[in-house]
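Novice: Structure of the sequence below:
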Amino acid sequence: MTRLRAVAVSLALLAAGCSGGGRAPLPGAAGSGGGTAPQTVAGSIPYGGDAVAGATYVGRANLATVGLDVHVALANQTGLDQYARAANDPGSPLYRRWLTPQQLGQQFGAPLADYNAMLQAYLAAGITVKTYPQRTMFRISGPQAAVENALGIRFALYRKGSQTFIAPSGAPHPPQFAAKITALTGAVGYVSRGRNEVRASNFFNAGYAPQQIASAFDYVGAYAAGYTGKGIAVGVIGTGPITDGDPRFTCSNASGCGDVADYKHVYGIGGSGTVAQVFATDANLPPNLPPSFEESSTGLASPPPVTSPLISACAGVDPSQGEYPTDYTQCNPEDGEAQLDTEQVASLAYDANVLFYIAYNPNECAQVTCAPGSGSGQLGIQLTDDEIQQAIADDQADILSLSFGASEASSQSVYFPSGSSGPGPTEFAMAAAEGMAIFVSSGDFGAQGCTAGSTVDPELCVSYPATDPSVVSVGGVNAPIDQSGTLIGPLTAWGTQTGSEVDESATGGGCSADFPLPTFEAGVPGETCTTRSQPDLALLADVNTGVATDIDAAPSLGGRILTPFGGTSVAAPQMAALWALVLQACKQNPGPCGAGSGAYPYRLGNPNPLFYKIYTSGSKGVSYNSVFSDVQYGANTLVSPGPGPSPTPGPGYTAAPGYDLTTGLGVPFARNLIKAVVGV
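Specialist: Have a look, this model is predicted:
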């Protein structure tokens, strides 16, 4: 089994900074090499500086353009958190009172006067700014000196392990607005987060077909009742490029242009669903910019078309292995994860529309030494903050699917520096307040989520954003399915089955170190955590079978490759597709389902309160055992080859009757879940 190594999702990871005037100190002379990385200074502006600990200072960075995200203090952070919980609580009078992004900005976002003052100051300093109606952050970009002066930082090059990356040489000291800035993301280029996918070890066929999955988990029962996802939009937060929905890409495939189109053709799946790419570009730049800004940009641009991995420019490049192109305009290969996510959603909810959010920045260099005006750029998984903010601002997706994450430990200082609040929980609370259901893969390192690559961390550790209280954490199971789509054996937790079995991947699960126990988990039989736990439920992740994934289908890309993928990256989009069927049923049956307010009254928001209610007391006359398969076997320990006669398992959890920390509530079956949630 070959693991697809972790790749950065965001360039802002660990740390804290200082507010106040002046410029951050730079160790050594500009342009000098060598030396020890400076110590991070504790303070009020997290920016990712803890990732620099243990790195070697290489020298002053010399960049043409610098861009990052500036998160700003909200007018009513507590109010937002309370509203998001209430709007997603079936027992609250505010249940399903969904807000628009404009209403979120007006009621909870940064005060308009503060937001405008920061905007005008950055523009006056020669920095271009992208604004958002929800008013939680700015995307800024400009000449290196202008950004450094505005934020009181200086960028330098560091080396840590095999990575050479860019980071501020000390904590931020903004001369203005220090009290208004809650965090900087995108300031540090050290790799931490990654895709939750594993290349399957099945060498004998392409993996399970979508029809086998649909039959095994009773999507087909929902189809027979007329629920296929029609009228529902599923947003996929992109990790890399796709060809579907790209008007610049042409091909001669009889099946249509793109991997999803080819995938549906190969497996004979019809449906009216479409795939559209949503580029997180500068569409939200503030109006009436000065003339000097008419041609400027925050750096976000439409990504170049996909290229074949076989061309000479792509020699030695594999994004799934952390190997980045030096020029995306010449080499921009598919990454497998993006294809897996879109194909699972589009084939299992075949009438739903898929919105694929993708961000690209050609001007910024994150993880390599850059000459002025050059660099590898950033795409997809490195810019997911921008993609999520775009999805919130658009408010078009009813559901979001995210197949990436990092340990809570490596996320805490920037994404939730106040223990359980910060930029991460804020953006997910805003999406939940719009009524979006968010499904996140629980991770592929079992109960040891701090593990990275070949280094196994022996401590118990879980993955973020899967532990965020506004999302559904989706774990994984092994599922023996025959050719007809029938389950021919018990479902077991994806991971080790015996103490002597070697397994270096498993479904993420465990207790959060940071987030308190949500109301929907309180009093749940079998709950052993005193904090937020994961996963909430599970679907297919088995790497011994994998699911079929279509890559490079267009002849110009080398031609179709059907290959199996496993991991919780499979489970999250499968659950997003299943929920699309539920939402269609709710949309078509507002009487028994009930209706919310706003433009999307059929949205049900965070599904977790509904899932846990089914577990504790059933729903609409449907029992838990009719909706979920209670997974009672397997474990999520990591077991690596050891020096002794047999490998030694690490820490972890074992599946058991009822709720557990390997598969949560268990595996849902689509048709009966619709009956329990909607009542039809």
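Novice: And the contacts of stretch 100-115?
Specialist: For stretch 100-115, the surrounding residues in contact (CB atoms under 8 Å, 6 or more residues apart in numbering) are 72-77, 79-80, 83, 99, 131-136, 177, 180, 392-395, 430, 433-434, 598-599. For the C-beta atoms, the positions are set from N, CA and C on the backbone; glycine is no exception.
Novice: Filter the residues you listed down to the buried ones and express that as a PyMOL selection.
Specialist: Buried members of those, defined by 16 or more other CB atoms under 10 Å, are picked up in PyMOL with:
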select buried, resi 72+74+75+77+80+83+99+131+132+133+134+135+136+177+180+392+393+394+395+430+433+434
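Novice: In strands, which of the contacts of stretch 100-115 fall?
Specialist: Val72 (DSSP state E).
Novice: In helices only, show me the contacts of stretch 100-115.
Specialist: 77, 79-80, 83, 392-394, 430, 433 (DSSP state H).
Novice: Which parts of the stretch 351-500 of the chain are strands?
Specialist: For the stretch 351-500 of the chain, applying DSSP state E, counting those that start in this stretch gives strands covering 353-358, 360-361, 378-379, 399-402, 404-407, 437-441, 463-464, 472-478, 492-493.
Novice: Can I get those in JSON lines including distance to Gly618, mean pLDDT and mean neighbour count?
Specialist: Converted to JSON lines, these look like this (distance: least, CB to CB, whole Å; pLDDT from 0 to 100; neighbours: other CB atoms under 10 Å):
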{"stretch": "strand 353-358", "distance to Gly618": "32", "mean pLDDT": "94", "mean neighbour count": "26"}
{"stretch": "strand 360-361", "distance to Gly618": "47", "mean pLDDT": "81", "mean neighbour count": "26"}
{"stretch": "strand 378-379", "distance to Gly618": "46", "mean pLDDT": "78", "mean neighbour count": "26"}
{"stretch": "strand 399-402", "distance to Gly618": "24", "mean pLDDT": "98", "mean neighbour count": "28"}
{"stretch": "strand 404-407", "distance to Gly618": "32", "mean pLDDT": "88", "mean neighbour count": "28"}
{"stretch": "strand 437-441", "distance to Gly618": "21", "mean pLDDT": "97", "mean neighbour count": "30"}
{"stretch": "strand 463-464", "distance to Gly618": "30", "mean pLDDT": "94", "mean neighbour count": "30"}
{"stretch": "strand 472-478", "distance to Gly618": "19", "mean pLDDT": "97", "mean neighbour count": "31"}
{"stretch": "strand 492-493", "distance to Gly618": "24", "mean pLDDT": "96", "mean neighbour count": "27"}
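Novice: Tell me which of those strands approaches Glu337 most closely.
Specialist: Glu337 lies closest to strand 404-407 among these, at 7.8 Å (CB to CB).
Novice: how far does that closest one sit from the chain's center?
Specialist: 8 Å (CA atoms, centre = their mean, to the nearest Å).
Novice: name the helices or strands packed onto that strand?
Specialist: Strand 404-407 is packed against strand 194-195, strand 437-441, strand 463-464, with contacts defined by 3 or more CB pairs under 8 Å, 6 or more residues apart in numbering; DSSP states H and E.
Novice: now for those strands, which one comes closest to Leu487?
Specialist: strand 437-441 (22.1 Å).
Novice: Just want the angle from that closest one to strand 472-478.
Specialist: 40 degrees (axes from the mean of the first three to the mean of the last three CA atoms, to 10 degrees).
Novice: Not counting strand 437-441 itself, show me its contacts.
Specialist: 196, 398-405, 428, 431-432, 465-466, 468, 470-474, 508, 567-569, 571-573, 575-576, 579, 583, 603-607.
Novice: Partner strands of that strand, with direction?
Specialist: Using DSSP bridges, strand 437-441 pairs in its sheet with strand 399-402 (parallel), strand 472-478 (parallel).
Novice: Can you name the residues that contact the spatially most central residue of the chain?
Specialist: Among the residues of the chain, the one closest to the centroid is Leu402, at 3.6 Å (CA atoms, centre = their mean). Going by CB under 8 Å, 6+ apart, Leu402 touches 237, 384, 438-441, 465, 471, 572.
Novice: closest to Tyr415 out of the strands of the stretch 351-500 of the chain?
Specialist: Nearest of those (CB to CB): strand 463-464, 6.6 Å.
Novice: Can you pull out the residues in contact with the closest one?
Specialist: Strand 463-464 is touched from outside by 196, 405-408, 411-412, 415-416, 424, 442-443, 445, 449, 508, 534, with contacts defined as CB under 8 Å, 6+ apart.
Novice: now with 6 Å?
Specialist: 405, 408, 411, 443, 449, 508 (CB atoms under 6 Å, 6 or more residues apart in numbering).
Novice: Which residue ranges of the stretch 451-600 of the chain form helices?
Specialist: Remark: helices assigned in the stretch 451-600 of the chain by DSSP state H, counting those that start in this stretch are 568-588, 590-593.
Novice: Deepest in the core, which of these is it.
Specialist: helix 568-588 (a mean of 29; mean count of other CB atoms under 10 Å).
Novice: which helices and strands does that helix pack with?
Specialist: Applying 3 or more CB pairs under 6 Å, 6 or more residues apart in numbering; DSSP states H and E, one finds that helix 568-588 contacts helix 337-348, strand 399-402, strand 437-441, strand 472-478, strand 537-540, helix 670-677.
Novice: and the angle from the fourth one to helix 568-588?
Specialist: Angle, strand 472-478 to helix 568-588, by the same axes, to 10 degrees: 120 degrees.
Novice: chain center to strand 472-478: distance?
Specialist: That offset, for strand 472-478, works out to 15 Å (CA atoms, centre = their mean).
Novice: Please apply the same query to the last one.
Specialist: In terms of CA atoms, centre = their mean, the centre of helix 670-677 is set 26 Å apart from its chain centre.
Novice: now what about it, what contacts it?
Specialist: So helix 670-677 is contacted by 218-219, 221-222, 578, 581-582, 585, 610, 614, 619-620, 622, 626-627 (CB under 6 Å, 6+ apart).
Novice: which stretches of the stretch 1-150 of the chain form helices?
Specialist: Counting by DSSP H, counting those that start in this stretch, the helices of the stretch 1-150 of the chain are 77-87, 101-107, 112-124, 144-151.
Novice: buried sites along the last one?
Specialist: Neighbour-count burial for helix 144-151, with 16+ other CB under 10 Å as criterion, is recorded at 144, 146-151.
Novice: Could you look up the next helix or strand downstream of it?
Specialist: strand 155-160 (DSSP states H and E).
Novice: Just want the angle from that following strand to helix 144-151.
Specialist: Using the same axes, to 10 degrees: strand 155-160 against helix 144-151 is 90 degrees.
Novice: List the neighbouring strands of strand 155-160 plus their orientation.
Specialist: strand 56-60 (antiparallel), strand 163-168 (antiparallel).
Novice: For Val678, find the nearest of those strands.
Specialist: strand 163-168 (48.3 Å).
Novice: Partner strands of the helix or strand following that closest one and their direction?
Specialist: Per DSSP H and E, the first helix or strand lying C-terminal to strand 163-168 is strand 181-185. In the sheet, strand 181-185 lines up against strand 65-72 (antiparallel) (DSSP bridges).
Novice: Give the buried residues for the partner strand.
Specialist: Under 16+ other CB under 10 Å, the buried positions of strand 65-72 are 65-72.
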